[in-house]
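K.L.:
When you get a sec, could you give me coordinates for this:
(chains A and B)
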Amino acid sequence: MVGIGAALIVFVALLLTVGAAQWVWAATGENDSTVPERVPFAGGAEPEFHAWNRFHIRYYAMALLFLAFDMEMVFMYPWAVVFVRQGLLALIEMLMFILILVVGMVYAWREKSFEWD
Amino acid sequence: MGLKARLVHLARTGEVPVFAVVGGGYRSAMHQLRHADGIRIVTSPRHASVLLIAGTFTEAATETVNRVHDQMAGPRVTVGWGHREPMLAPTRANPAGDTSEIAAVIRRQFHDVVTGAIQPEPPLLPDVDPVEWRGVGPYGHGGTGMTGGTPYGRPLALRAPDRDGLELDQVPVTIGPWFAGFPPGLALRVSLQGDVAQAVEVVTTSVVSSGPPGVFTRALHEPTPIRDLEMARARHHLEWMADTLLIAGADRLSLRADRLAETIQPGDVEHVTRLTAAARRSLLRLMTLRGVGVLSADIDMVGLGPVARAAGFSDDRRTPEPAYRDIGFQPVTHDVGDAWARFAQRAAEAAQAVDLAARAGSHRAFGSGEVEAPDGHHQAGETGPADRLTSMLDAVLPGMEWGDLVTTVQSLDIDMESVFFGRPPT
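P.N.:
Just a heads-up that it's a prediction; the model follows:
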């Protein structure tokens, strides 16, 4: 029964939010704009081409490296618990793990992935 | 009190957002309006309720100004400021007075239009789609295939190799003439690939006409007091610094530069150096100006004033003038020639100008058909530095990222009022 009650509360809250949004729209909204009014501002010029286009995300190599080291941090939390029990052995294992990642980073460095261009 | 009434009350008591279209003779006045009470100059008509049309224009400006007018969110009102024929849009008021008068007019018109005392302005351009596209194609998206349509009546981007050798989309976009990051009146057709400008073309339609002749124009034909020339130079450079600081996002420093430009007196070297030191301490230099917009060595910079001197050329028409020699004038130069060097150069020249003005006494200079204006060497009957700067843009800007492009254009200080490039003969 608790589950149904919670769902009801969420449903009513949603209804109220939608109702409030509708009321704000009706009270303030004007949607009778003309074509020139809808054109994006480009300093007074008219856009010739559609804005939809594909471009090169230049930070993607950096983003991938960030993800790799981010995941490494995730592994370090359970490792910290094991480290208390295992001591030196756990430390060596983690150093080996980091070393493998560092090799990857050195490779990326050599490939000039960190240069912003 | 209903919701709409509450919103009207909030709008009425806040600052008036003004989008300004600036023509001949009003660039300096616009700088003063920026710190008027109850006025906020915004950089997009989407944020504005008042369109301010200041100064003089050519007929060619009508279409772009009308488009900017329609892009303002309602309720909107148009105000002129010393706006003369050809009238670009119907204005509710058109005073020619000083900053406080126009600020009062703007506040009153805004108050009247938000409270409903006057009718908000209807759109100026006809409500027509550029191309008929709705309902065309199997999904009604404007054409055949996934990318075959012309949604909103506009074709999709072209393809071209980028600097990594990939075939990627390139969108030609015309920016200006009223884009806040460019000098008023300058429009560029930029082919953008992501945020890299692969090709740049100056749109050769002249939209601003020259305002009344300033002190440097008069100095072409009559010997002029050095004090007047140098104070005008200091003001010009300080206003330019205000623009640069504004584009770099240093709003408070920018307002400070504008206030200083308005109040500066001969001998106020200390004020200028303190402002420059504050700009130096901010991250401006490191973040946006250093290494940006370096002009290559094969560009002929003789006569380009601070742009040439920032690149190390000790080229200044004041040097051979006997009057300037008498008060011990030596041109300042910087090296490197990037946007930061041009900022430091103009800051140093502004400080030097107020110092020269204090020591000038009754000395007069120039008058024989040439003059060293703040933007470089002007000669009677010849085109000025602005023409040369404008025509070098298509060679200098390609390959730059958008932010660097705006910084570079701003750092060149192009005065579109004095550009004859593409202007019909008068």
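K.L.:
what's next to stretch B:370-382, contact-wise?
P.N.:
If you take Cβ atoms under 8 Å, 6 or more residues apart in numbering or on different chains as the criterion, stretch B:370-382 is touched by B:216-217, B:219-221, B:229, B:232-233, B:236-237, B:240, B:303-308, B:315-318, B:349, B:366, B:369, B:384-386, B:389, B:413-415. To be clear about C-beta, it is placed using only N, CA and C from the backbone, and glycine gets the same treatment.
K.L.:
now do stretch A:75-94
P.N.:
Residues outside stretch A:75-94 that contact it (Cβ under 8 Å, 6+ apart): A:Phe97.
K.L.:
same question, stretch B:249-267
P.N.:
Counting by Cβ under 8 Å, 6+ apart, residues outside stretch B:249-267 touching it are B:28, B:31-32, B:34-35, B:227, B:230-231, B:234-235, B:238-239, B:241-243, B:245-246, B:268, B:271-272, B:275, B:278-279, B:282, B:284, B:288, B:354-355, B:357-358, B:360.
K.L.:
List the residues that contact B:Asp415.
P.N.:
B:183, B:375, B:384, B:386.
K.L.:
Where do the helices of the chain begin and end?
P.N.:
No chain specified, so I'll use chain A. Secondary structure of chain A (DSSP state H): helices at A:2-28, A:35-38, A:60-86, A:88-110.
K.L.:
I was after chain B.
P.N.:
Assigned by DSSP H, chain B shows helices spanning B:3-13, B:27-33, B:62-71, B:99-115, B:215-218, B:226-247, B:251-263, B:269-281, B:284, B:306-310, B:322-326, B:339-359, B:385-396, B:402-412.
K.L.:
Tell me if the longest one is near chain A.
P.N.:
No: with Cβ under 8 Å from any Cβ of the partner chain as the measure, helix B:226-247 is seen stopping short of chain A, the closest distance being 13.9 Å.
K.L.:
elements contacting that helix?
P.N.:
Contacting helix B:226-247 under the criterion 3 or more Cβ pairs under 8 Å, 6 or more residues apart in numbering or on different chains; DSSP states H and E are the following elements: helix B:27-33, helix B:215-218, helix B:251-263, helix B:269-281, helix B:339-359, strand B:364-365, helix B:402-412.
K.L.:
and what of the fourth one?
P.N.:
Under the contact criterion of 3+ Cβ pairs under 8 Å, 6+ apart, helix B:99-115 touches helix B:3-13, strand B:16-22, helix B:27-33, strand B:39-41, strand B:50-54, strand B:77-81.
K.L.:
shaky segments in chain A?
P.N.:
Along chain A, segments meeting pLDDT under 70 span A:1, A:29-31, A:116-117.
K.L.:
Show me which residues of it sit near chain B.
P.N.:
For chain A, the residues in contact with chain B under the definition Cβ under 8 Å from any Cβ are A:23-24, A:27-28, A:30, A:34-37, A:39, A:41-56, A:58.
K.L.:
roughly how far apart are B:Pro306 and chain A?
P.N.:
Distance, B:Pro306 to chain A, using Cβ to the nearest Cβ, to the nearest Å: 26 Å.
K.L.:
Quick one: residues contacting that residue.
P.N.:
B:237, B:342, B:345-346, B:349, B:374-376, B:413.
K.L.:
Likewise for B:Val215?
P.N.:
For B:Val215, the contact set (Cβ under 8 Å, 6+ apart) comprises B:224, B:228-229, B:232.
K.L.:
neighbour-wise, which of the residues you listed leads?
P.N.:
Neighbour tally across the contacts of B:Val215 (other Cβ atoms under 10 Å in any protein chain shown): the maximum, 29 neighbours, falls on B:Leu229.
K.L.:
quick one: that one and B:Ala365 touch, right?
P.N.:
Yes: using Cβ atoms under 8 Å, B:Leu229 is in contact with B:Ala365, at 6.8 Å.
K.L.:
on that earlier part again, dump the helices of chain A to a markdown table, plus mean neighbour count.
P.N.:
Shown next, in a markdown table, are these (neighbours: other Cβ atoms under 10 Å in any protein chain shown):
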| stretch | mean neighbour count |
| --- | --- |
| helix A:2-28 | 10 |
| helix A:35-38 | 16 |
| helix A:60-86 | 12 |
| helix A:88-110 | 12 |
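K.L.:
Just send these back as CSV, with distance to B:Arg6 too.
P.N.:
Shown next, in CSV, are the helices of chain A (distance: least, Cβ to Cβ, whole Å):
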stretch, distance to B:Arg6
helix A:2-28, 10
helix A:35-38, 25
helix A:60-86, 45
helix A:88-110, 56
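K.L.:
can you pull the contacts of the nearest residue in space to B:Gly153 that is not next to it in sequence?
P.N.:
Excluding the flanking residues, the one nearest B:Gly153 by Cβ to Cβ, 6 or more residues apart in numbering or on different chains is B:Val131, at 3.2 Å. With contact set as Cβ under 8 Å, 6+ apart, B:Val131 has these partners: B:150, B:153-154.
K.L.:
any idea of the pLDDT on B:Val131?
P.N.:
For B:Val131, the model assigns a pLDDT of 73.
K.L.:
and if you look at B:Pro424?
P.N.:
Here the pLDDT value assigned to B:Pro424 is 45.
K.L.:
Ok, B:Leu397 next?
P.N.:
We have a pLDDT of 95 for B:Leu397.
K.L.:
From B:Asp394, how far off is the nearest residue to it once chain neighbours are set aside?
P.N.:
Closest residue in space to B:Leu397, ignoring its immediate chain neighbours: B:Val200 at 4.3 Å, by Cβ to Cβ, 6+ apart. For B:Val200, the distance to B:Asp394 (Cβ to Cβ, to the nearest Å) stands at 5 Å.
K.L.:
Which one's more surrounded, those two?
P.N.:
B:Val200 (20 against 14).
K.L.:
check contacts around the closest residue to B:Arg159 other than its chain neighbours.
P.N.:
Leaving aside its chain neighbours, B:Arg159 sits nearest to B:Glu167 (5.4 Å; criterion: Cβ to Cβ, 6+ apart). B:Glu167 is in contact with B:159-161, counting by Cβ under 8 Å, 6+ apart.
K.L.:
For B:Glu167, list each beta-bridge partner.
P.N.:
As for beta bridges, B:Glu167 partners with B:Pro161 under DSSP bridges.
K.L.:
Quick check, the residue nearest to B:Leu397 in contact with B:Ala187.
P.N.:
No: between B:Val200 and B:Ala187 there is no contact under Cβ under 8 Å: 11.2 Å.
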